[in-house]
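Engineer: I would like to see how this sequence folds:
(2 chains)
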Amino acid sequence: MSALLDIAGYSLDYRTRAGTLRVLDAVNLRIARGEVLGLVGESGSGKSSLAWAIMRHLPGNAHEAGGAILLDGADLLRMRPREVAALRGRRIGMVFQDPSTALNPTLTLGRQISETLAHHRGMTRAQAWQASLEALRHVELRDPEALMRRYPHEVSGGEKQRVVIATAFAARPELIIFDEPTTALDVITGARILALFQRLRAETGVGGLYISHDLALVSQVADRIAVIRRGQIVEQAAARSLFVSPGAEYTKALIEAVPRPERRLVADLPGTQVLVSVEEIGVTYGRRQWFGRRQVAGNRGISLSVHAGEILGVVGESGSGKSTLARALTGLTPFEGTIVQGGRRITAPAQMDRAYRSQVQIVFQHPDSSLNPRQRIGEILARPLRLFGGSPAEVPRLLEQVRLPASYATRFPHELSGGEKQRVAIARASAARPALIICDEITAALDVSVQRAVVDLLLALRREHGTAYLFITHDLNLVRQVAHRLAVMHRGALVDLLAVDAVGGAQAHPYTRALLGATPAPFA
Amino acid sequence: MIELLRQLARTPQGAAGLLILLLLAAACAFGPAIAPYGPEHIDFLGRFHPPGARHWFGADQLGRDVLSRLLTGARSTVPTALAATLAGTLLGAVIGTASAYLGGRWDEIIMRTIDAVMAIPGLLLALLVVNTLGKGEMNAAIAIAAAFAPGMARITRSVALVARRQDYVGAAIARGERGTWIVFREMLPNVVAPIVVETTIRVAFAVMLFATLSFLGLGAQPPASDWGLMVADARPFLHQAPWMIVAPGAAIALTAIGFNLLGDGLRDVLNPRDER
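Structural biologist: You can find the predicted model right below:
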């Protein structure tokens, strides 16, 4: 059978100030007609570079060190820019990770999709407009006529991604490259997009390259899976057999690191003493304007409590108010309601004194922005020690506690990897031995293998100091491994608060069950 | 720092700017020592001597050597302009960062005040300050600093607003840090790069503003050989002895160009996007 796309011994280098960096090393991949190949790798493995190499849109410092990329037997590397331009969008389509940046904010959606059609299928404007309507209807968008007249910021993220997908499919390409198309979306929205993709694929028989870091997700959409690591294809096999009998050690480690809800990492029960409780917490965003007020509710009437040594998972889609709750608890945003801690009632951020702050600490999602780039690790860690009555001499102890060498104290944050930065952030939060650490999506920006190590670290700290965690995440599989109880949030309100083993039960809120249903289950 | 200079010297603008500024620094450091005559050495027989072997840049209405006066004057002109700019920059940077940190109503009050001050042209504001404080070099420097601060505050604020949203600022607040610590230690170091670039460009304006004030008789006072003052002194003899005005004028222009080039070079070097 002739391959639709045949990548043979393809190598790619980036020339940087520090020297030449090999990002793709003799990659061999074949995609047959109508086949979907999943490409799985951690960040920096070169998977996106491969996508751009196929699209022939590489940065200026890229240098192709050999090999060929054949589309239907024609080598893309030897094509003139004109021929490549005729190919893009027409024969090879692409769906990007973030739909909010993939669409031009100054053009209406209708204009963007119909122009693509007019260009690639040689239609007149009126024809293209009609075909666009049809394409949008096809991706299950309600009221396409109205949608065509809207601008990207006027529709939701899921709708935007549907428009992008509709555009990619409407030109009837032979191959579509998906670059993490659901990563920027909510679990439920992502699951629907995935279902849509399955349907369109069955209808059109298009070939696909599906790039993702999420092994569980790729196993649902791809026929075959290739695992890439540091620019080299480690293993490729049929989706099913890859999971049942992985060949390479790296693949095994990857599969092992995928969180499985049935495998609990925490065995003991929390204490009965209430550490912190919040009563009727509400947060509104948006500022008072000269005329009238336009405000959005971030949180509405939330009441819950965290017990000593407890891991309370907070789950919900993006925009459900999980992070707002964290910000209210740490005094980063004004709130209504009361926080009760150590017998004191706090009703405003100004009342949070040193005693409260030393007990309640936070770790943020993005390791890159949570450490001041102009301060050395030692300075970053010495600061909370000095504030909360420790001595800077304890910095090596803190580093050791998060399994980092003491020599890291003299380094700057940019010299550390993402996982290492997150460890420093955890060390900073735990410096004052707080009773509660709020973990705001701390593993979301990390690779699965690193994610596992960070979670293990949190659990080790808990064993040593009995720290309680408010574990905010959108990853239901992960949180079910560690949490004692789950708080489910939806549109700023707390819809469910239940023990973790009752999540699938009958008394769970319908939304909780919907969330659970949309979470890709790691193959049994 | 050394690495920065090396990268700077690699860009054409940066290299040219560095060269000009080195010459200026040499003039400031050794000017009086290498000057062929004393700056106030009067020679009545050599009045209005055109440029030549005896006086490279000519002589003025009192027979004073223009080159010697330029070399001596560098010491009062360039460092004063630099100091005035730095003072204005520092003041503006602190105000801008604090405004971004405080946010909300305070931000509104500070920024509207600054808008009001910026509505007054820089020179006019400087004139106002000098008129209130009295003539003199020191007061002229203060006036220039006051004229620069609002613009710097605006620029800094826009950068600081981005830094304000970073999680390390949130972590500092959650840790219970005081506002001054957050402004000076967490935020200011991270907004430095664009400020440095803007400062170098503003030094050029400061040299010219300072020259203007001296020209109007409000900055340096005779018989000082400040460049602006030299231009002012030379004005009546423009047709008789054009070199008297050309030499200090060219020196001012060269200084302005030097700092501008340095600023351009720094912008390229400090731009983090150009990491590859």
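Engineer: Next one, pLDDT for residue B:275 please.
Structural biologist: What the model reports as pLDDT for residue B:275 is 42.
Engineer: Ok, residue B:94 next?
Structural biologist: For residue B:94, the model assigns a pLDDT of 92.
Engineer: mind listing the strands for the stretch 251-400 of chain A?
Structural biologist: In the stretch 251-400 of chain A, the strands defined using DSSP state E, counting those that start in this stretch lie at A:274-285, A:296-307, A:311-315, A:336-341, A:344-346, A:360-363.
Engineer: what about those, which gets the closest to chain B?
Structural biologist: Among the strands of the stretch 251-400 of chain A, the nearest to chain B by CB to the nearest CB is strand A:360-363 (5.0 Å). For every residue, glycine as well, the C-beta is placed using N, CA and C.
Engineer: Once you drop chain neighbours, what's closest to residue 39?
Structural biologist: Going with chain A. Using CB to CB, 6 or more residues apart in numbering or on different chains and skipping residues adjacent in sequence, the residue nearest residue A:39 is residue A:211, 4.8 Å away.
Engineer: hmm, I had chain B in mind actually
Structural biologist: Closest residue in space to residue B:39, ignoring its immediate chain neighbours: residue B:72 at 4.0 Å, by CB to CB, 6+ apart.
Engineer: And for that neighbour, the neighbour number?
Structural biologist: By other CB atoms under 10 Å in any protein chain shown, 22 other residues sit near residue B:72.
Engineer: re the thing from before, out of the strands of the stretch 251-400 of chain A, which comes closest to residue A:496?
Structural biologist: Residue A:496 lies closest to strand A:311-315 among the strands of the stretch 251-400 of chain A, at 9.2 Å (CB to CB).
Engineer: Now that closest one - C-alpha only, PDB.
Structural biologist: In PDB, the C-alpha atoms belonging to strand A:311-315 read as follows (Å, rounded to 0.1, in the frame of the first residue of the first chain):
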ATOM      1  CA  ILE A 311      -5.800  16.200  50.800                       C
ATOM      2  CA  LEU A 312      -8.900  17.900  49.500                       C
ATOM      3  CA  GLY A 313      -9.100  17.800  45.800                       C
ATOM      4  CA  VAL A 314     -10.800  20.700  44.000                       C
ATOM      5  CA  VAL A 315     -11.900  19.900  40.400                       C
END
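Engineer: Can you pull out the residues in contact with it?
Structural biologist: Contacts to strand A:311-315, defined as CB atoms under 8 Å, 6 or more residues apart in numbering or on different chains, come from residues A:266, A:270, A:304, A:306, A:322, A:325, A:462, A:468-474, A:476, A:479-480, A:482-489, A:500, A:515.
Engineer: can you check stretch B:154-170 too?
Structural biologist: Outside stretch B:154-170, the residues that touch it by CB under 8 Å, 6+ apart are A:327, A:330, A:332, A:362, A:364-366, A:369-372, B:92-93, B:95-97, B:99-101, B:103, B:107, B:111, B:114, B:118, B:182, B:186-187, B:190-191, B:194-195, B:198.
Engineer: so what's residue A:439 up against?
Structural biologist: Counting by CB under 8 Å, 6+ apart, the residues that residue A:439 touches are A:362, A:363, A:458, A:469, A:470, A:471, A:472, A:473.
Engineer: Can you classify the fifth one as helix, strand or coil?
Structural biologist: Three-state secondary structure (criterion: DSSP: H, G, I helix; E, B strand; the rest coil) places residue A:470 in strand.
Engineer: And it, how close does it get to residue A:325?
Structural biologist: 8 Å (CB to CB, to the nearest Å).
Engineer: Compare the two (neighbour count), which wins?
Structural biologist: Ranked by neighbour count (other CB under 10 Å), residue A:470 and residue A:325 place residue A:325 first, with 29 against 26.
Engineer: Name the nearest residue to that one, ignoring sequence neighbours.
Structural biologist: Take residue A:325 and drop its neighbours on the chain: the residue closest to it by CB to CB, 6+ apart is residue A:299, 5.8 Å away.
Engineer: With residue A:360 instead?
Structural biologist: Closest to residue A:360 by CB to CB, 6+ apart is residue A:436, at 5.1 Å.
Engineer: Count the residues that sit near that neighbour.
Structural biologist: 22.
Engineer: Beta-bridge partners for it, please?
Structural biologist: Going by DSSP bridges, residue A:436 is paired in beta bridges with residue A:360, residue A:468.
Engineer: likewise residue A:498?
Structural biologist: residue A:486.
Engineer: Could you pull up the residues touching it?
Structural biologist: A:485, A:486, A:488, A:505, A:507, A:508, A:512.
Engineer: Any figure for the gap between it and chain B?
Structural biologist: 28 Å (CB to the nearest CB, to the nearest Å).
Engineer: so where is the chain shaky, pLDDT-wise?
Structural biologist: Defaulting to chain A. A:1, A:286-296, A:522-524 (pLDDT under 70).
Engineer: actually chain B
Structural biologist: In chain B (pLDDT under 70), the answer is B:1, B:271-276.
Engineer: What residues does it have near chain A?
Structural biologist: B:104, B:166-168, B:170-171, B:173-177, B:185-186, B:189-190, B:275-276 (CB under 8 Å from any CB of the partner chain).
Engineer: Quick one: buried ones out of these?
Structural biologist: By neighbour count, with 16 or more other CB atoms under 10 Å in any protein chain shown, these hold B:166-168, B:170-171, B:173-177, B:185-186, B:190 as buried.
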